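**Student:** could you look at this predicted model? Sequence included:
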Amino acid sequence: MINIDEIKNRIKTIAENYKDEPTGGYISGDGPIPADILFVGEAPGKTEVEEGKPFVGMAGKTFEGYLKTIGLTRDIVRITNTCFFRPITIKEGKNGRTSVSNRPPKQSEVNLFKEVLDDEIALVNPKIIVTLGNVPLKRLTEFISIGECHGELYFNEKLGKHIFPMYHPSSLTYNRSEDFHEAYEEDWIKLKEALKSLE
Ligand code: URA
């Protein structure tokens, strides 16, 4: 089986050779191998590339806070992404200044890393994969939208793995409704119960 250094090298090669759209650096996954729980996010942002680790920026702080509420810490779970480079948009302002912002990865960009993520899943061999947001959900399951499936435990025959879909932690910033925040918190409690059921 492929090892983690080969996976890192493949990410490097793919990211460095990709010229179709602007990107702002790349990272690989973080955490123990093997691990019982694998969280899969969307793509790294600026802070993640700077620190070389997934989920260390604003969304990461939120994520880590919730992880603690169910008795978990980063050092015992594996965290990775669906797209391993930072997808960016570069805009030229009227004043000649350029601004750089994150953008969601395109389907073609997700596809570039299909084999990398599949190999990482095989290597980590988790009991459960927790998808964070729509991008990993669509990549790893047949679900169309996180709204239809979040907070429930599924067994994915194709992967031979349990999957627990969750909203992306940054959705808390976009959706400020109290109902949404309550539902999000409830999903973490349901994740704790799902983990217990798999012990
Ligand atoms: N959001 C993600 O989806 N992944 C990261 O690594 C950071 C933020």
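**Tutor:** Sure thing, it's come through.
**Student:** which parts of this structure sit against the ligand?
**Tutor:** With CB under 6 Å from any ligand atom as the criterion, the chain meets the ligand at residues 41-45, 48, 54-55, 57, 59-60, 81. Where C-beta positions appear, they are placed from N, C-alpha and C, glycine not excepted.
**Student:** quick one: which of those residues is nearest Leu137?
**Tutor:** Comparing these against Leu137 with CB to CB places Glu42 closest, at 9.9 Å.
**Student:** count the residues that sit near that closest one.
**Tutor:** Other residues lying near Glu42 total 25 when counted by other CB atoms under 10 Å.
**Student:** quick one on the thing from earlier: now for the residues of the chain next to the ligand, which sits with the most neighbours around it?
**Tutor:** Neighbour max across the residues of the chain next to the ligand (other CB under 10 Å) = Asn81, 31 neighbours.
**Student:** spatially central residue for the chain, please.
**Tutor:** Gly41 (0.8 Å; CA atoms, centre = their mean).
**Student:** check what pLDDT that one gets.
**Tutor:** Gly41 is assigned 98 on the pLDDT scale.
**Student:** likewise Pro165?
**Tutor:** 98.
**Student:** quick one: which helix or strand includes it?
**Tutor:** Using DSSP states H and E, Pro165 sits within strand 161-166.
**Student:** okay, now the sheet partners of that strand, with direction.
**Tutor:** According to DSSP bridges, strand 161-166 forms sheet pairs with strand 128-132 (parallel), strand 154-156 (antiparallel).
**Student:** mind listing the strands for this structure?
**Tutor:** 23-26, 37-41, 78-81, 85-92, 98-102, 128-132, 154-156, 161-166 (DSSP state E).
**Student:** Asn175 and Gly147, how far apart?
**Tutor:** Distance from Asn175 to Gly147, counting by CB to CB, to the nearest Å: 11 Å.
**Student:** the residue of the chain found nearest the ligand: what's it in contact with?
**Tutor:** Going by CB to the nearest ligand atom, the ligand is nearest to Gly41 of the chain, at 2.9 Å. Gly41 makes contact with 54-55, 59, 79-82, 132-133, 135-136, 168, according to CB atoms under 8 Å, 6 or more residues apart in numbering.
**Student:** so can I have JSON lines of those residues showing distance to Leu191 and pLDDT?
**Tutor:** Shown next, in JSON lines, are the contacts of Gly41 (distance: CB to CB, whole Å; pLDDT from 0 to 100):
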{"residue": "Pro54", "distance to Leu191": "18", "pLDDT": "98"}
{"residue": "Phe55", "distance to Leu191": "16", "pLDDT": "98"}
{"residue": "Ala59", "distance to Leu191": "17", "pLDDT": "97"}
{"residue": "Ile79", "distance to Leu191": "14", "pLDDT": "99"}
{"residue": "Thr80", "distance to Leu191": "17", "pLDDT": "99"}
{"residue": "Asn81", "distance to Leu191": "19", "pLDDT": "98"}
{"residue": "Thr82", "distance to Leu191": "19", "pLDDT": "98"}
{"residue": "Leu132", "distance to Leu191": "11", "pLDDT": "98"}
{"residue": "Gly133", "distance to Leu191": "15", "pLDDT": "98"}
{"residue": "Val135", "distance to Leu191": "19", "pLDDT": "98"}
{"residue": "Pro136", "distance to Leu191": "15", "pLDDT": "98"}
{"residue": "His168", "distance to Leu191": "14", "pLDDT": "98"}
